[in-house]
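Q: I would like to see how this sequence folds:
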Amino acid sequence: MTTLALAHPARMVFLQISALWRRIKTFVLVSLVVVLAVCTVAAFAVWGRDAARNRIIAALAHNHDVAVAQNAAPKLLFARAYFLATHGQLDEAQALVSLFDLRGSDKARADLHYDLGNGRLLAAFDKIDMADFDAAGALVGLAQEDYIEAMRLDPDDWDARYNFDVAARLVRQYPSFVNTPDPRRQGPRPIWTELPNTPQGEP
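A: This is a model prediction of the structure:
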C-alpha cells in the first residue's frame, strides 16, 4: 500500500506535465520555426553584406576605383585609402586615413600610415626629378610624420623605420628643401649654415 501511495502522486505529476506539453507544444514548435527563420534571414543578410564588401575590396585591389561611404566598414576604408595612396591621390587618402584612425586597430592604422608615407615619398621623388624642391620638401616632411605615427602604433615596424631613415637622408641630401622664389635656380647652400653654431677660427 505504501508503494502505491507514493506512485500515485508521481503519476499525477507526469499526467499534468503531459497535459501541459499538449497545450504548449504547438506554440513551442511555431516559436522554434520562427526563430530558425529569423536566424536564417539574418545569416543570409550578413553573407550578402560581406559578399558586397569583398567585391568592393577585390575591385580596389585590381586597380578599379570604387568609392566608399565615410561611414563604411573599417576594412572598406582601409582598402579605399590604400588605393588612393598608391595611385597618387594623397589628399583624398589623408581624409580617409583620418577617418580610419578613429575606428581601425592599431596594427591596421600603422600599416595605413606606412602606406600613405610611401605614397608621399614616391611623390617627393617625382617632384625632385622636376626640380620642384618646395613641393618635394613638404611631401618628405609629411611622409616622415606618417612613418613616425606608424612606428608609434607598431614599434616593431622595421619597414617604417627604414623608410623614415630614407626620408631623413633626403632632407640631408637636399638642403634646398626650403621656400625660395625659384628653387630651380637656387645655388648650393654652404653646409655650415646647417650647423647650430657659426664656425670659429681663422679663414
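Q: show me the strands in this structure, by range?
A: With DSSP state E as the criterion, the chain has no strands.
Q: lowest average confidence across helices and strands of it, where is it?
A: Across the helices and strands of the chain, mean confidence by mean pLDDT, DSSP states H and E is lowest for helix 2-61: a mean of 64.
Q: need the phi and psi values for Ala67.
A: phi -70, psi 150 (degrees, to the nearest 10).
Q: state the distance from it to Ala59.
A: 11 Å (C-beta to C-beta, to the nearest Å). Where you see a C-beta, it was placed from the backbone N, CA and C, and this is true even at glycine.
Q: which one of the two has more residues nearby?
A: More crowded of Ala67 and Ala59, by other C-beta atoms under 10 Å: Ala59, with 14 against 7.
Q: low-confidence regions, this structure specifically.
A: The chain contains residues with pLDDT under 70 at 1-11, 13-50, 175-203.
Q: residues touching the closest residue in space to Asp159 that isn't next to it in sequence, list them.
A: Distances taken as C-beta to C-beta, 6 or more residues apart in numbering put Tyr114 closest to Asp159, at 6.5 Å, once the chain neighbours are dropped. Contacts for Tyr114 (C-beta atoms under 8 Å, 6 or more residues apart in numbering) come out as 146-147, 150, 157, 159-160, 163.
Q: one more: Ala124?
A: Contact partners of Ala124, counting by C-beta under 8 Å, 6+ apart, are 135-137, 139-140, 143, 167, 170.
Q: what's the closest of the residues you listed to Arg53?
A: Ranking the contacts of Ala124 by separation from Arg53, with C-beta to C-beta as the measure, puts Ala143 on top at 29.7 Å.
Q: wait, that closest one sits on Arg120?
A: Yes: contact status for Ala143 versus Arg120: in contact at 3.9 Å, counting by C-beta atoms under 8 Å.
Q: can I assume Gln67 is in contact with Arg80?
A: One thing to correct before we go on: residue 67 is Ala, not Gln. Yes: between Ala67 and Arg80 there is a contact under C-beta under 8 Å: 7.5 Å.
Q: I'd assumed Pro155 was in contact with Lys107.
A: No: with contact defined as C-beta under 8 Å, Lys107 does not reach Pro155; the gap is 11.3 Å.
Q: between the two, which contacts overlap?
A: What both Lys107 and Pro155 touch, as defined by C-beta under 8 Å, 6+ apart, is an empty set.
Q: find the nearest non-adjacent residue to Leu170, please.
A: Leu170's closest residue in space is Val140 (C-beta to C-beta, 6+ apart), at 5.3 Å.
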